[in-house]
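J.: The following comprises the amino acid sequence and a computationally predicted model.
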Amino acid sequence: MAATDGTPTGDDTATGAARSVDVLIVGAGISGIGAAYYLQREHPGRSYAILEAREASGGTWDLFRYPGIRSDSDLHTFGYEFKPWRDKDAIASADKILAYLRETAAEHDIDRRIHYRTRVLAASWSSADARWTVETERTDTGERARWTCNWVFAAAGYYRYDEGYTPGFTGRERFGGTIVHPQHWPEDLDVSGRRVLVVGSGATAVTLVPALAGDAAHVTMLQRTPTYIMPVPAQDKVANLLQRLLGEDRGYALARRKNIARSQAIWRLFQKYPKTARKLIRRVNIKQLPEGYPVDEHFNPPYDPWDQRLCAVPNGDLFREIRAGRASVVTDRIATFTEQGVRLESGRELEADVIVTATGLNVQAMGGIGLSVDGRAVRLADTVAYKGMMLSGVPNFAYSIGYTNSSWTLKVGLLCEHFCRLLAHMDGLGLDTAVPVPADPAMPTRPLLDFGAGYIQRAIDKLPQQGERAPWLTSMSYPDDVKLLRHLPVTDPELRLSVSPGTSTAHSPAAAEVSA
């Protein structure tokens, strides 16, 4: 290990030499802060550092600044298992989530290990030394530096922070008003008294519409395809009561278990009975919308529930604005932008002063890091995900991608626990290298994320694959993952553990057996 107090060794700024840590975490968002907590709790003697390309921590919750930004999962499950969510709002605004994340980092001195404005460019693995050499660049000065580590933990999410996705709209340059993407929201944008057109129907769009409707002259949500949208209470009265009666820790734990069980039950029922689920959602939508509203035109997707993520609207705020006449929904396709707005394929024209292209994200796997193993470049699409946390043929590289059908952090916590268990197992045997290798190189594979969202489908050929059997499945089932990642042994016939020839660790009989 690089140091016994958990700090990096070496100083690249003074001598040009590489800094050295045991674990290098990429990303200081909700996943990276969580990974750091589990690592220092379970392995206090291991050194680590967090490299963050931006100038602040918080990831998504610091990046996005558009009006109304909030979670679409309850914070009793989206929050960390080890830190109670104390606010009364279960569906919380970004500023509250960001404060929670930064408070967590400060409470555990994690913030002292974050190196800001440090972008990871590439990482190369040496089997002889059981070390990664990681190339970084300062985003403010362009200065290059190197780090070395035994493990890389990629916690950078799954999308590009510097660029959102906008389709190539015909005639865009003709529009005389303002065009803005939510990922790059201007601080000085004022929509008061202006006509706003929000292009999109996902979580961002359904958040923006009610947030803008209070000031704008009118807000129109233009969608190509409807999305399943359900009202949810902004506050969880049962969770708040449990915390008042039982205290923050016990009350939070029980509320978390309640909400996990509820969300899993809903997901399983919707998967098993999609027609019934569709009817139920439609019935709820009808009650939320004005009498005679064309529900089937605007709120009846052509796909089954949970083929894409359901959108949650706290206290039905989107429906409230539609009932009040301050917002409306149009289902059609854009033929071209015009000087005054857009003309649709139906021939209808929508006039606007501001057009918001809530058209999605650009997926970027593993933070866009260029990986190589013993001089050979790694093509992510040629790798297969192992237990949803490692890549076939890539030693000592872990990553965290959360659930698409539930709270992101539920999976991240389990992955971090399993990662720490694996490190402890390897320490006990004097091993330093772990690499997943499929027993059958011709094993059938399928896309990493079986998810119909456009941003995933656009990047499907750039993502790793998953297998059709354990441990090569990327599970979206929390109960299954609890069993696999928390309770079952970390060892597996398709995870090769060994000790590198370049280390001073002596081969023990146990190490030799596992390596073989």
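T.: Right, received. Where do you want to start?
J.: quick one: average pLDDT of whatever helix or strand I260 lives in?
T.: Using DSSP states H and E, the element containing I260 is helix 248-272. Computed over helix 248-272, the mean pLDDT rounds to 94.
J.: Which residues does V384 form beta bridges with?
T.: Per DSSP bridges, residues listed as beta-bridge partners of V384: Q465.
J.: what residues are up against it?
T.: For V384, the contacting residues are L391, S392, P436, P438, M443, T445, P464, Q465, Q466, G467, W472, by C-beta atoms under 8 Å, 6 or more residues apart in numbering. Quick note: C-beta positions are derived from backbone N, CA and C, even for glycine.
J.: gap between the helix holding I260 and the chain center?
T.: Mean-position distance between helix 248-272 and its chain equals 20 Å (C-alpha atoms, centre = their mean, to the nearest Å).
J.: what's the answer for stretch 70-82, then?
T.: Using C-alpha atoms, centre = their mean, we find the averaged C-alpha position of stretch 70-82 to lie 13 Å away from the chain's own average C-alpha position.
J.: Buried subset of the contacts of V384 as a PyMOL selection?
T.: With 16 or more other C-beta atoms under 10 Å as the criterion, this PyMOL line picks the buried residues out of those:
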select buried, resi 391+392+436+438+445+464+465+466+467+472
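J.: In strands, which of the contacts of V384 fall?
T.: Restricting the contacts of V384 to those inside strands, with DSSP state E as the criterion, leaves L391, P436, T445, Q465, Q466, G467.
J.: that older thread, and the helix holding I260, what's buried?
T.: Buried positions in helix 248-272, judged by neighbour count with 16+ other C-beta under 10 Å: 251-256, 258-260, 263-264, 266-267, 270.
J.: likewise stretch 305-317?
T.: By neighbour count, and taking 16+ other C-beta under 10 Å as the criterion, the buried residues in stretch 305-317 are P305, W306, D307, Q308, R309, L310, C311, A312, V313, P314, G316, D317.
J.: dump the residue contacts of the second one.
T.: Just to be clear, that refers to W306. Residues in contact with W306 (C-beta under 8 Å, 6+ apart) are W267, F270, Q271, N405.
J.: Redo those residues as JSON lines? Include distance to D87.
T.: Supplementary listing: the contacts of W306 in JSON lines, determined by distance: C-beta to C-beta, whole Å:
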{"residue": "W267", "distance to D87": "25"}
{"residue": "F270", "distance to D87": "28"}
{"residue": "Q271", "distance to D87": "31"}
{"residue": "N405", "distance to D87": "24"}
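J.: still on that earlier bit, determine which two of the buried residues of stretch 305-317 are furthest apart.
T.: Spanning the widest gap among those are D307 and D317, at 24.7 Å by C-beta to C-beta.
J.: Is P395 in a helix, a strand, or coil?
T.: For P395, the reduced secondary structure class is coil; criterion used: DSSP: H, G, I helix; E, B strand; the rest coil.
J.: can you count the residues close to it?
T.: Residues near P395, counting by other C-beta atoms under 10 Å, number 25.
J.: Relative to P44, how far out is it?
T.: From P395 across to P44, the span is 24 Å (C-beta to C-beta, to the nearest Å).
J.: repeat for R257
T.: When C-beta to C-beta is the yardstick, R257 and P44 sit 28 Å from each other.
J.: repeat for F337
T.: With C-beta to C-beta as the criterion, F337 and P44 are 57 Å apart.
J.: Neighbour count: those two, which is higher?
T.: Using other C-beta under 10 Å as the criterion, F337 and P44 rank with F337 on top: 21 against 10.
J.: what about the closest residue to the more buried one other than its chain neighbours, neighbour count?
T.: Nearest-residue entry for F337: G171, 4.0 Å, with adjacent residues in sequence omitted and distances by C-beta to C-beta, 6 or more residues apart in numbering. As a burial measure, G171 scores 14 neighbours (other C-beta under 10 Å).
J.: where in the protein is pLDDT low?
T.: 1-16, 450-457, 459, 504-516 (pLDDT under 70).
J.: what about the longest strand in it?
T.: Ranked by residue count, the top strand of the chain under DSSP E comes out as strand 144-154.
J.: list the helices and strands that one packs on?
T.: helix 12-15, strand 19-26, helix 30-42, strand 131-138, strand 397-399 (3 or more C-beta pairs under 8 Å, 6 or more residues apart in numbering; DSSP states H and E).
J.: can you list contacts of whichever helix or strand comes after it?
T.: The first helix or strand that comes after strand 144-154 along the chain, using DSSP H and E, is strand 159-164. Contact with strand 159-164 is made by 53-54, 63, 181-184, 357, 359-364, 368, 455, as judged by C-beta under 8 Å, 6+ apart.
J.: which one of these is nearest L246?
T.: Nearest to L246 among those is L63, at 35.5 Å by C-beta to C-beta.
J.: Hmm, D62 is touching R54, no?
T.: Yes. Between D62 and R54 there is a contact under C-beta atoms under 8 Å: 7.1 Å.
J.: ok, G375 to L269 distance?
T.: In this structure, G375 and L269 are separated by 50 Å, where distance is defined by C-beta to C-beta.
J.: Ok, G402 next?
T.: Separation of G402 from L269 (C-beta to C-beta): 22 Å.
J.: Also Y116?
T.: With distances defined as C-beta to C-beta, the gap from Y116 to L269 amounts to 44 Å.
J.: Then A365?
T.: The separation that A365 has from L269, given C-beta to C-beta, amounts to 31 Å.
J.: same check, this time on A253
T.: Here the criterion is C-beta to C-beta. By it, A253 lies 25 Å from L269.
J.: Then R379?
T.: Taking C-beta to C-beta as the measure, R379 and L269 are separated by 39 Å.
J.: and the residue sitting nearest the centre point of the chain, backbone torsions?
T.: Taking C-alpha atoms, centre = their mean, the centroid of the chain lies closest to G157, which sits 4.6 Å from it. Main-chain dihedrals, G157, degrees, to the nearest 10: phi 80, psi -160.
J.: For the nearest residue to H108 once chain neighbours are set aside, grab the count of nearby residues.
T.: In this structure, H108 finds its nearest non-sequential neighbour in Y37, 5.7 Å apart by C-beta to C-beta, 6+ apart. Using other C-beta under 10 Å, Y37 is surrounded by 20 other residues.
J.: Much appreciated, bye for now.
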